[in-house]
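**Q** The following comprises the amino acid sequence and a computationally predicted model.
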Protein chains: 2
Amino acid sequence: MSALDPRATPGYPGAGKADAAALTEALGPEISEQQERLFANGRVNPESSPRLLVILQGMDTSGKGGVIRHAMGMVDPQGIALTAFKGPTAEEREHHYLWRIRKALPGPGMIGIFDRSQYEDVLIVRVESLVPVDQWMQRYEEINAFEAEVAASGTTILKCFLNVSFEEQKLRLAERLTGPDKYWKYNPRDVDARAKWGAYQEAYADLLERCNTDVAGWHVIPADRKWYRNWAVAQLLREHLIGLNLTWPEAEFDVAAERARVAKA
Amino acid sequence: MSALDPRATPGYPGAGKADAAALTEALGPEISEQQERLFANGRVNPESSPRLLVILQGMDTSGKGGVIRHAMGMVDPQGIALTAFKGPTAEEREHHYLWRIRKALPGPGMIGIFDRSQYEDVLIVRVESLVPVDQWMQRYEEINAFEAEVAASGTTILKCFLNVSFEEQKLRLAERLTGPDKYWKYNPRDVDARAKWGAYQEAYADLLERCNTDVAGWHVIPADRKWYRNWAVAQLLREHLIGLNLTWPEAEFDVAAERARVAKA
């Protein structure tokens, strides 16, 4: 983990913060066009249509919400299925930990977004010893098998770890204590989690290594600079949409006949 | 219905199409700020937090999707709960018609958007005689009682009827037959519905009158000009958010103590 620099800006084509908003926005039209193709395929050929699943993980204040607002916010709301996974409910606890994850997988033509995910079951669960060690240890393999199955059924998986530094997190927590427009984002428990930073970093290092598979590799996004983080995720979204090689679906009706019907209608 | 001009632009502050995109976008920051306040209240005080429900109705091609994309698309995806009501599923048909509507009501701090709604149960159901007349006739009162209950429980209801003309619908259907990037939006059944235009207009006239209550009045949006339609709904969204008189929720922790904790963390 220590080799990954949270302030780096790999691949960024601009000069810095000043041009980031414009460069991110410039990705909008292509993301929009590709997303519409995806959506169109979902409508016309639901059984065979691809889907895209974006998984966002990161420590508190790493900017999962900011990415959803600024990068995912460029997409038509009709094409997005967002799920924020909190601590499991009583009903969810009665099921296998992947039960609620499966239920939230995106439908045909949709872009699913997971704000936290199955990885919490090898993060907080591990750090807080919520299940015995032999139980969470087998989850890495289970998650890999699960993701392989999801990928095989036509869902492209984009996993982003938003990598914020210990120092930057402190600044962001302090920022949330500067006024009533920020207080609601602050949770005293975030400081408790911060006290276990090392254990969380270890847990992240493990899942980044053990669950970095061919069908669902991890992207580590340096997240100390918000402008870079938003651009980088938007750029990954664009790349993955283009990678679907989407064409417009063919008409499932006789176009000439329908033109004649409309002309007379 | 004939008194309502689908090409009118009531309240529009600009000159016309040329300044519409800029005027609509200019509403964004205030909508964003108000939505964030709403969301914050939902987080901190879920039991007492207001909610907003936007109901979109209109004939095919009237632009429900366009409004969601262009007006609702200005809102943080995290604050939106969108439901598109299609023909009821087998499970939904086994329940009262309001069952699936209730299930989709927005949670605390959320903006719910209904793309079609309970009003389909006095529209297509009436025009196609899917239930006996005495059954749909009582639904106006049922819907009014339902909406009164929803409003009383803290949800502000904004109902928009997107009013497109018979002539404009023809142009838009023809437009959907101009190329593969549009075909997927076309459904041959839309022409069947168009053949029953008069019956649908009558059904709309009835629900606009009978379900125009104090707690949930109808807004008739002239929808022949897309740029006006998008601006008008964004403007209504802004007004209704401001009408909630939202303040930032108070901190539920000792701010000074937490500042000290973060400083030492």
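**A** All right, it came through fine.
**Q** give me the number of residues near the closest residue to chain B within the stretch 1-150 of chain A?
**A** Going by Cβ to the nearest Cβ, chain B is nearest to A:Ala40 of the stretch 1-150 of chain A, at 3.9 Å. C-beta here means a position set from N, CA and C on the backbone, and glycine is covered the same way. When neighbours are counted by other Cβ atoms under 10 Å in any protein chain shown, A:Ala40 registers 23.
**Q** in what helix or strand does it lie?
**A** helix A:28-44 (DSSP states H and E).
**Q** Only the buried residues of that helix, if you could.
**A** By 16 or more other Cβ atoms under 10 Å in any protein chain shown, the buried positions in helix A:28-44 come out as A:31-32, A:34-42, A:44.
**Q** which strands and helices sit next to that helix?
**A** For helix A:28-44, the elements it packs on are strand A:51-58, helix A:226-242, judged by 3 or more Cβ pairs under 8 Å, 6 or more residues apart in numbering or on different chains; DSSP states H and E.
**Q** Does A:Asp60 touch A:Val191 like I think?
**A** No: using Cβ atoms under 8 Å, A:Asp60 makes no contact with A:Val191, being 9.2 Å away.
**Q** Give the residues shared as contacts by these two.
**A** Jointly contacting A:Asp60 and A:Val191 under the rule Cβ atoms under 8 Å, 6 or more residues apart in numbering or on different chains are A:Leu173.
**Q** who has more neighbours, those two?
**A** In this view A:Asp60 and A:Val191 are compared by other Cβ under 10 Å, and A:Asp60 has more residues nearby, 20 against 17.
**Q** A strand includes that one, no?
**A** No: assessed with DSSP: H, G, I helix; E, B strand; the rest coil, A:Asp60 is coil; it does not lie in a strand.
**Q** residues near the residue lying closest to it once chain neighbours are set aside, how many?
**A** In space, and not counting its chain neighbours, A:Asp60 is closest to A:Asp190: 4.4 Å by Cβ to Cβ, 6 or more residues apart in numbering or on different chains. Around A:Asp190 there are 19 other residues, counting by other Cβ under 10 Å.
**Q** you'd agree A:Asp190 is in a helix?
**A** Yes: assessed with three-state DSSP, A:Asp190 lies in a helix.
**Q** OK, contacts around it?
**A** A:60-61, A:173.
**Q** ok, A:Phe253 to B:Glu258 distance?
**A** 62 Å (Cβ to Cβ, to the nearest Å).
**Q** Which one's more surrounded, these two?
**A** Counted by other Cβ under 10 Å, A:Phe253 and B:Glu258 do not tie: B:Glu258 has more neighbours, with 22 against 14.
**Q** What pLDDT is listed against the more buried one?
**A** If you check B:Glu258, the pLDDT there is 98.
**Q** Which stretches in the stretch 151-265 of chain A count as helices?
**A** Ranges of helices in the stretch 151-265 of chain A, per DSSP state H, counting those that start in this stretch, are A:166-175, A:180-183, A:188-194, A:197-210, A:226-242, A:255-264.
**Q** Throw those helices into JSON lines and include distance to B:Val54, thanks.
**A** Listed next are the helices of the stretch 151-265 of chain A as JSON lines, based on distance: least, Cβ to Cβ, whole Å:
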{"stretch": "helix A:166-175", "distance to B:Val54": "32"}
{"stretch": "helix A:180-183", "distance to B:Val54": "24"}
{"stretch": "helix A:188-194", "distance to B:Val54": "33"}
{"stretch": "helix A:197-210", "distance to B:Val54": "39"}
{"stretch": "helix A:226-242", "distance to B:Val54": "26"}
{"stretch": "helix A:255-264", "distance to B:Val54": "30"}
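**Q** Mean neighbour count, those helices: which tops it?
**A** Mean neighbour count (mean count of other Cβ atoms under 10 Å in any protein chain shown) peaks for helix A:226-242 among the helices of the stretch 151-265 of chain A, with a mean of 21.
**Q** Report the contact partners of the closest residue to A:Lys182 other than its chain neighbours.
**A** Once flanking residues are discounted, A:Lys182 sits nearest to A:Arg176: 4.6 Å by Cβ to Cβ, 6+ apart. Listed by Cβ under 8 Å, 6+ apart, the contact set of A:Arg176 reads A:61, A:182-183, A:185-186.
**Q** Redo the residues you listed as TSV? Include pLDDT.
**A** Shown next, in TSV, are these (pLDDT from 0 to 100):
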residue	pLDDT
A:Thr61	98
A:Lys182	97
A:Tyr183	98
A:Lys185	97
A:Tyr186	97
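**Q** Closest one of those residues to chain B?
**A** A:Tyr183 (4.1 Å).
**Q** The closest one reaches B:Ala251, doesn't it?
**A** Yes: A:Tyr183 lies in contact with B:Ala251 (Cβ under 8 Å); the separation is 4.1 Å.
**Q** What pLDDT is listed against A:Gln35?
**A** 98.
**Q** Surely it and A:Ile111 touch.
**A** Yes: in this structure A:Gln35 lies within contact range of A:Ile111 using Cβ under 8 Å: 6.5 Å.
**Q** anything in contact with each of those two?
**A** A:75, A:79.
**Q** Format the helices and strands packed on helix A:28-44 as CSV; extra columns: mean pLDDT and distance to A:Gln169.
**A** Formatted as CSV, these follow (pLDDT from 0 to 100; distance: least, Cβ to Cβ, whole Å):
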stretch, mean pLDDT, distance to A:Gln169
strand A:51-58, 98, 10
helix A:226-242, 98, 13
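**Q** can you pull the pLDDT of A:Met137?
**A** 98.
**Q** correction: A:Ser2
**A** The confidence metric pLDDT takes the value 70 at A:Ser2.
**Q** Secondary structure of it: a helix, I assume?
**A** No: A:Ser2 is assigned coil when assessed by three-state DSSP, not a helix.
**Q** Just the buried residues of stretch A:96-107, please?
**A** Those would be A:97, A:100-101, A:104-106, for stretch A:96-107 by 16+ other Cβ under 10 Å.
**Q** Now do it: distance from first to last residue.
**A** Terminal residues of stretch A:96-107 lie 21 Å apart, using Cα to Cα, to the nearest Å.
**Q** Just checking the distance from that stretch to the centre of its chain.
**A** Counting by Cα atoms, centre = their mean, to the nearest Å, stretch A:96-107 is centred 15 Å from the centre of its parent chain.
**Q** Please apply the same query to stretch A:63-73.
**A** With Cα atoms, centre = their mean as the basis, stretch A:63-73 stands 9 Å off its chain's centre.
**Q** Just the CA coordinates for that stretch, please, in PDB.
**A** What follows is stretch A:63-73, C-alpha atoms only, in PDB (Å, rounded to 0.1, in the frame of the first residue of the first chain):
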ATOM      1  CA  GLY A  63     -14.800  10.600  -2.000                       C
ATOM      2  CA  LYS A  64     -17.200   7.800  -3.000                       C
ATOM      3  CA  GLY A  65     -20.000  10.300  -2.800                       C
ATOM      4  CA  GLY A  66     -18.100  12.900  -4.700                       C
ATOM      5  CA  VAL A  67     -17.400  10.500  -7.500                       C
ATOM      6  CA  ILE A  68     -21.100   9.600  -7.800                       C
ATOM      7  CA  ARG A  69     -22.100  13.200  -7.800                       C
ATOM      8  CA  HIS A  70     -19.500  14.500 -10.300                       C
ATOM      9  CA  ALA A  71     -18.600  11.500 -12.500                       C
ATOM     10  CA  MET A  72     -21.700   9.400 -12.400                       C
ATOM     11  CA  GLY A  73     -23.800  12.600 -12.300                       C
END
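**Q** Good, wrapping up.
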